[in-house]
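Colleague: turn this into a model:
(one chain, ligands or ions: 2)
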Amino acid sequence: MTTGGSEKGRQSLRLRWLNARNRMLASPAFQRFAMRNIFFRRTARYHANSMFAVITGFVQTKALTAAVDAGLIRRLAQGPATTADLAAVSGLELKALQRLLGAAKAIDLVELAEDDLWVLGQRGAALSTNQGALAMIEHHKIFYDDLADPIAMLKGGRGQGKLAAFWTYAPAAGQGQPATADDASWQGGGDGAVAPYSALMAASQPMVAEQVLDAYDFRRHQCLMDVGGGHGAFLAEVAGRHPGLAMKLFDLPAVVEGAKARLATRGLSHVALHGGSFRDDPLPQGADVISLVRICHDHDDAVVRALLKKAHAALPPGGRLLIAEPMAGTPGAEVMGDAYFGLYLWAMGSGRPRTAADYLALLAQAGFATAREVSTALPMVTRLVVAER
Ligand SMILES: CC(C)=CCC/C(C)=C/CC/C(C)=C/C=C/C(C)=C/C=C/C=C(C)/C=C/C=C(C)/C=C/C=C(C)/C=C/CC(C)(C)O
Ligand SMILES: C[S@@+](CC[C@H](N)C(=O)[O-])C[C@H]1O[C@@H](n2cnc3c(N)ncnc32)[C@H](O)[C@@H]1O
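Modeller: Numbers count the residues shown, from 1 in each chain. Ligands and ions are numbered 1, 2, ... in the order given. Below is the predicted model:
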């Protein structure tokens, strides 16, 4: 009783403070004062700038997409170019190109080395070699179409647009409008409906795998099974550092079909391939470590609970399960975990971003003896939870 009372007291204290703070921040007179005051000025400028970035982020994204689509990043990655060179590459009229270069310069994608000689800016240079980020920029076109009317997207329920049609395993897939040929101009062919998302995942996998490999030592293990392993890009990165580790790949049959040739060209024909659905089938035995990389957040709690139980059943005593994905509540990266993936997974039609604590609880319920988070260098890209059977 006493605890409940003091809890209520604490809550109302917090509420009173939040109301007072917000009244102050909403006051134009306080804003004017803070902007001029020597102690508050820096903070006021910081918040004004970051609010501007939130309000106009769409324009920056469009300028970025245009710079990539016009071929500016690709051309400048090969060396300096004049405006005339870039006009030839982009097919844009001089005036339009100058306007785009001005925007790209403002967001540090390009810069002038000397009079009329363009080079990549700092962000442009980092982006030019990041195939994962480039693939994301291309596929965001379909996500941003779904977001054109965000309230309609939220009112319409999960998975009603183009993104749901792209992720064909999402339960809502097929209900959404199919992406047009233009939307999917980046897709690789071969294994039908699963090829576009598998190609996107393979392109963006190295930046995720690097985080996991730097944080977790696979040397203690004999055999790794990557569940939902796509075209085998994660296994390929692990094999690069641990060539002696035996490997299994489990994914939907159509995806595994596409993985076969890709693994062979990377000298990884020894990877054992298992086609199946973790919704319907048990997971194969024989691995002493199982990885779920960017898998759990795609699925609702009931599916994840069952999947973790299947992983538990497939592991020997002492075997380990790794969950790697961007998570909700990541300090300094809330925008990635909660805003971006929150809306992304809504548009896709299933799953939700979970906190590391959510996973620790789910792993305990699934029967794992221990579970802990292992920190990664770039938690925005992925966090890592390791459980032991
Ligand atoms: C690379 C860029 C654009 C800027 C760098 C800025 C700069 C000047 C840096 C200085 C040099 C330096 C130290 C560079 C280091 C750069 C690094 C580490 C950049 C990392 C960038 C990572 C990015 C941009 C990651 C973006 C990831 C996205 C958008 C992931 C999307 C994932 C999706 C949609 C997954 C879907 C799977 C599903 C369905 C949810 O399961
Ligand atoms: C978001 S992708 C992640 C791929 C890879 N792990 C990565 O990080 O690049 C999700 C993967 O889970 C697979 N998947 C989805 N539902 C599945 C199911 N019921 N059974 C097996 N695999 C499934 C998809 O085919 C896809 O390869």
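Colleague: can we go C-alpha only for contacts and neighbour counts from here?
Modeller: Fine.
Colleague: and the average pLDDT for stretch 256-276 is what?
Modeller: Per-residue pLDDT over stretch 256-276 has a mean of 96.
Colleague: what residues does it touch?
Modeller: 190-191, 195, 230-232, 236, 246-255, 284 (C-alpha atoms under 8 Å, 6 or more residues apart in numbering).
Colleague: the residues you listed: which ones sit near ligand 2?
Modeller: The residues of the contacts of stretch 256-276 that also fall near ligand 2, by C-alpha under 6 Å from any ligand atom, are 230, 251-252, 255.
Colleague: any chance of JSON lines for these, columns neighbour count?
Modeller: As requested, these are exported to JSON lines (neighbours: other C-alpha atoms under 10 Å):
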{"residue": "230", "neighbour count": "28"}
{"residue": "251", "neighbour count": "22"}
{"residue": "252", "neighbour count": "18"}
{"residue": "255", "neighbour count": "24"}
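Colleague: and the two most separated of the residues you listed?
Modeller: 230 and 252 (8.4 Å; C-alpha to C-alpha).
Colleague: name the nearest residue to the residue in the stretch 1-150 of the chain that ligand 2 sits nearest to, sequence neighbours excluded.
Modeller: In the stretch 1-150 of the chain, the residue that lies nearest ligand 2 is residue 132 (10.3 Å; C-alpha to the nearest ligand atom). Using C-alpha to C-alpha, 6 or more residues apart in numbering and skipping residues adjacent in sequence, the residue nearest residue 132 is residue 204, 3.6 Å away.
Colleague: same question, residue 146
Modeller: residue 161 (5.5 Å).
Colleague: residues near the one you found, how many?
Modeller: 27 (other C-alpha atoms under 10 Å).
Colleague: what of the one 10 residues further on?
Modeller: Applying other C-alpha under 10 Å, we find 17 other residues in the vicinity of residue 171.
Colleague: ok, residue 45 next?
Modeller: Neighbour number of residue 45 under other C-alpha under 10 Å is 13.
Colleague: and what of residue 302?
Modeller: Neighbourhood size, residue 302 [other C-alpha under 10 Å]: 8.
Colleague: surely it is within a helix?
Modeller: Yes. Using DSSP: H, G, I helix; E, B strand; the rest coil, the assignment for residue 302 is a helix.
Colleague: contacting residues around it?
Modeller: Here residue 302 is in contact with no residue (C-alpha under 8 Å, 6+ apart).
Colleague: how about the one 3 residues further on?
Modeller: Shown in contact with residue 305 (C-alpha under 8 Å, 6+ apart): 362, 365-366.
Colleague: out of these, give me the one that has the most neighbours.
Modeller: Neighbour counts for the contacts of residue 305 (other C-alpha under 10 Å) peak at residue 366, which has 20 neighbours.
Colleague: ok, it to residue 233 distance?
Modeller: 28 Å (C-alpha to C-alpha, to the nearest Å).
Colleague: please flag which of the contacts of residue 305 sit within helices.
Modeller: If you go by DSSP state H, the contacts of residue 305 have 362, 365 in helices.
Colleague: which one of the contacts of residue 305 is nearest ligand 1?
Modeller: Closest to ligand 1 out of the contacts of residue 305 is residue 362 (18.5 Å), distances taken as C-alpha to the nearest ligand atom.
Colleague: where does the closest residue to the closest one other than its chain neighbours land on pLDDT?
Modeller: Counting by C-alpha to C-alpha, 6+ apart, residue 362 lies nearest to residue 305, which is 6.6 Å off, once chain neighbours are set aside. The score at residue 305 is 98. That number is its pLDDT.
Colleague: can you give me the domain boundaries for the chain?
Modeller: The chain breaks down by the TED database into domains covering 26-129, 162-175+196-388.
Colleague: using CSV, please lay out those domains together with distance to ligand 1.
Modeller: Formatted as CSV, the domains of the chain follow (distance: least, C-alpha to the nearest ligand atom, whole Å):
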stretch, distance to ligand 1
domain 26-129, 4
domain 162-175+196-388, 5
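Colleague: need the winner for burial among these.
Modeller: domain 162-175+196-388 (a mean of 19; mean count of other C-alpha atoms under 10 Å).
Colleague: returning to that earlier point: show me what contacts the residue nearest to residue 132?
Modeller: By C-alpha under 8 Å, 6+ apart, residue 204 lies in contact with 131-133, 135-136.
Colleague: filter the residues you listed to the buried ones?
Modeller: 131-133, 135 (16 or more other C-alpha atoms under 10 Å).
Colleague: now, which of those lie within helices?
Modeller: Mapping the buried ones among the contacts of residue 204 onto helices (DSSP H) picks out 131-133, 135.
Colleague: out of those residues, who's nearest ligand 1?
Modeller: For these, the residue nearest ligand 1 by C-alpha to the nearest ligand atom is residue 133; the value is 5.3 Å.
Colleague: wait, the closest one touches residue 127, no?
Modeller: Yes. Counting by C-alpha atoms under 8 Å, residue 133 does reach residue 127; the two are 6.9 Å apart.
Colleague: next, give phi and psi for the residue nearest to residue 132.
Modeller: The phi and psi torsions at residue 204 (degrees, to the nearest 10) take the values phi -100, psi 0.
Colleague: what does the closest residue to residue 311 other than its chain neighbours show for phi and psi?
Modeller: Excluding the flanking residues, the one nearest residue 311 by C-alpha to C-alpha, 6+ apart is residue 283, at 6.6 Å. Dihedral pair for residue 283: phi -90, psi 140, per degrees, to the nearest 10.
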